[in-house]
Structures are given as structure tokens and as C-alpha cells.
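Undergrad: Just to be clear, the model below is a prediction. Sequence and coordinates:
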Amino acid sequence: MRFTYNKKEKLKSKKLIEQLFAEGKSVSAYPLRLVFLPTTFEDAVPAKTGVSVSKRNFKKAVDRNRIKRLMRESYRLNKAIYFNNLTQQYAFMILYIGKDKPKFIEVVTRMKLLFDKFQSKISET
RNA sequence: CAAGUAGAUUGCCUUAUCGCUGUUCAUGUAAAUGAAUGGAGGAAAGUCCGAACACCAUAGUGCAACAUAGUGGCUAAUAACCACCAGUCGUGAGAUUAGGAAAAGUGCAACAGAAAGUAUGUACAGGUCAUGCUGUAGUGAAACCAGGUAAACUCUAUGUGGUGCAAUGCCAUGUAAACUAGCGCUUGAAGGCGGCACGUUUGAUGCUAGAGGGUAGGCAGCUAAAGUGUAUUGGUAACAAUGCACGCAGAUAAAUGAUAAGGUAUUCCCGUUCUUUUUCAGGAGAUCCUGAAACGAGUUCAGGAAGAACAGAAUUCGGAUUAUAGAUUUACUUAAGCA
RNA sequence: UGGCCCAUGGUGUAACUGGCAACACGUUGGUUUUUGGUACCAAAGAGUCUAGGUUCGAGCCCUAGUGGGCCAA
């Protein structure tokens, strides 16, 4: 699997996002929080993922863009390890709930922990 | 040199790996894959003016409301910009000004003061036949001046129709032209129409409210534009004309990046080279020479450490506003400064 | 994208037409009480979000900004 993250893997449907926040479950590994919902869609990808940073915590657009880029990058590099053996299509939204600007290595380690938690949670049910 | 004034330019670089996005081409039924090429700013920011563009009736009349306010120029247009005049501030280079009208009218002026706008009291002096007739004193920001105040109302002149790309046009998907209450159906509900009136026009399977059902995807608008760079000419200048070259982001839970390594401007630390300053001692005798010490300043070289500010397009332009580490550079000023 | 409103002691509010920034709670000290509370007495605490301007004089008027809140599609 290639380390890609193109338009088809992005969560873009407004309707699906509203459904995700209304019905989805969540796990968190501070400063990240993952909201997920098993669903189906037409494109042949295992998951659609979006990232989000609160305007309340980061007032400047430059800071928000930087954090979202770091989150997308760490998702792109690590998704293959976890999602190749998914049996169900998922919608994900990763939120940044911290209040300080992170470094790349921190985001990567927490992202890995986050998806470890996610896998143990879905294997329970 | 120091202190200062007014501008102008710039505001990280290289390599490797892995990505994102627009366009074009190739392969492919398609999904997709590959290649080439483009991909944030001087403020993209806040949203204070002015326009373009789109729709509402190509936009009516009056009132109201709002904006502007020396003169001339410039511009698509402006409250921006340029030149000049005048006022104020500064030694000066320069800075700054909502800079029309107080003889159309209404209002306002605390305290002090006799009196604050229909004036004229006290004391002293002068003057007169006589009298606030004249001057001075005293209060105050202002005391008779056709006073001040218009960033008080107002008047004058000029200008402004409204809504905004979530405009607007089209395609696709889907539901409920159902239910309840009120108003109305040519004797006119309601809308176009923005604060009001007039006027005009549309108008019945209609309008308003309640409760409820559905959609919330795509395409166009969407980037070639009052465009950018440069040269010449005209103009004091803003700016204009002409030639040549370039073809310059287009995302939409929102691209333009991430990581690693190296480097540059610059800053700091330690050592070092040279110059200078101060102190002490000795010599000469006028303003100097020699030696020692000290820390301060500048500077050369080597090593080490840190190492880029403010900030992210969202229909598009023109201006002004605010934020901004540092670097480069032009012109000019100096009363009191140092050599 | 467009529009509207607010900012005054630590907190919540006043200040009329421009003329000495007021009140309550809180704070500090004292009296009363065995102690604490209550009650009473006294004191401190601000120059009105920032920078300019108009004016003799600005919390109030004007301009620009900063921060906060709200509304519409």
C-alpha cells in the first residue's frame, strides 16, 4: 500500500459528518481524539478521514493549518499498518484537543497509540 | 561620529525521501496509473472607503437619512493620490489639519466675575454744560468685537436606488400542491419597495403563522486582469501615452506540505591581532616620550552555541488601516552636541 | 460575506444637555463578643480599553485601532 491521502480518502460529505458526530463512538489519546462510525460508501477505500482543529484554541489560521498538516502527514504514513485488515468501511474524524503547538514526532507517537486503542475497542465488540 | 527627518528595496537558500492540488498529454471500457508543467502575501489579515460584475423595474418624484467640504489636477472611481495656498507644531530636514457659512435662525459657556450676549457695576485718572464720553485696574478660555462655539442643532454646495458570488443561471436527488389557525379572491390579501408618502406594477392552486416532511450533491460564475516587468517620451508630481517581454494559485471539513541533512544574514560566549581611552611610575619641560596595569570601546582571525519576523488566498481589482525579527539603500537636517 | 452592540475600583452597575467620576458587595483596620458570624465606625482602592483630534474643559463629541459579544443568508 502506498502512503497516499488523496481526495477520495478525505471525509467531505456534510451529511456523513453530521451523522458521524451524532452516532459515532470515540477514543482519545491526548492531545488527539478519534471519532469513528462504521458505514458504507461507493469509493473503494477502507476509510474516509477528516482532521479538525478548534478555532477556540488556535486563533491564527497559520497555526491551525500547521497542525492539520502534521495530523494528515502522520495519518498518511501510519494508516497502512492498521487498516489493511479492516473488514468494514469506516468514517473517521480526528480532532486536536490540545492547546499547545505540537512537534511532528509527538503527533506520530500519539497517532499510533490512538489507533492501537481503536483496534482494541472494535475487537471487543 | 552622534542624534534625527522623509522615502525606496528585500524579507531565507540547497539536497534527498514521502506526499497534496490545478492544467495538458499518453495508456485504459472504466476505476486508475504514468509523464510534463503551474501552485500564497506585502500585508493574502482586519473589513474603513471606492469600483467592476450579477440580480431586483436600465432604477421614477418628494421628504427623510447618510457622506464629503481651501484651490487646481489625476483616476474607472473615492473620503485615496499629487501640486500649491493658509493655520498649528518643530532649531531644522519636515510633520499635521472634517481648512465652506456665526451678517438666516435656535441653542450652549461649570467655577470665578458687577455683568457671559437684550451688556455696563465699582475704584482711579482724563474729558464734558451734562451723560459709560474715554482709558486703566480686577474675574475668566472668552468682556462688545456684527465676540466664541457648526467633531451643538442648522444653513449652503455636491454626491448616494437596494441587495450582494451564500449574488445569479443550470442540472441531479428527494418530499406533503397534504394538516391546523387567521386574512383575502377584483369593493384587492400580499409582494416588487430599502425609513415614509406619492406613483407604478404583479396579483389568486394566494399570503401569514404553527406543527411537521424533504434536500443540503454537481456544473457554470472562477480567474487575462482598469494585469505584471522593463525602456522611452510628456508632465514639478500624482499620472498618461507608446514599444518590447511575460502569460502568473484556484482549493471547497478547504491544496500549495512533512521529515532528515547541510548552509547563509545575524546574535551570544571564549581566545586572539591591531587601534584607542583611563590610571600609575620615570624622563623631558609646555600640550610629548618610555614602561606597567586596568577595564571600557572599535576591529582582524579561529573555535563553540543559537539561528529567521508578521503572517495563509476563498468573486476580482484600486486605495487607506493595522502587524512585522532583521538586512540593503537614497536624499536631507542639526539651535544646544563630540572629534 | 454583510450588519449591529458593548468596554468605568477586585465584582456588578451609576454619572441627565460636555463642568469635582457616584453606589452596593467585596478588601483592610478598629469597636462589640470567650472566639467566629452579625451589627457599628473608619480607611484604602479608578482617572473611565488604547492612540490621536475638536473644545477653555472630554467617561460623554469625532477618527483610527484593540478586545469581547450578537444577528442574517
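TA: That came in fine, so what should we check first?

Undergrad: quick one, strands of chain A?
TA: Along chain A, the segments classed as strands by DSSP state E run A:25-29, A:32-38, A:47-53, A:90-96.

Undergrad: got these as TSV, with distance to residue A:73 and mean neighbour count columns?
TA: The way it works is simple: take the backbone N, C-alpha and C, and place the C-beta from them, glycine included. Below are the strands of chain A laid out as TSV (distance: least, C-beta to C-beta, whole Å; neighbours: other C-beta atoms under 10 Å):
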stretch	distance to residue A:73	mean neighbour count
strand A:25-29	17	16
strand A:32-38	14	19
strand A:47-53	10	21
strand A:90-96	12	21
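
Undergrad: Tabulate these in TSV, adding columns for distance to RNA strand B and mean pLDDT.
TA: Output for those, formatted as TSV (distance: least, C-beta to the nearest atom of the strand, whole Å; pLDDT from 0 to 100):
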stretch	distance to RNA strand B	mean pLDDT
strand A:25-29	14	85
strand A:32-38	10	86
strand A:47-53	3	85
strand A:90-96	7	86
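
Undergrad: Out of the ones you listed, which is closest to residue A:76?
TA: Residue A:76 lies closest, by C-beta to C-beta, to one member of the strands of chain A: strand A:47-53, at 9.6 Å.

Undergrad: thought residue A:16 was touching residue A:90?
TA: No. Between residue A:16 and residue A:90 there is no contact under C-beta atoms under 8 Å: 11.2 Å.

Undergrad: what sits in contact with each of these two?
TA: By C-beta atoms under 8 Å, 6 or more residues apart in numbering, residue A:16 and residue A:90 have these common neighbours: A:39, A:48.

Undergrad: Can you give me every residue that contacts residue A:98?
TA: A:30-31, A:57.
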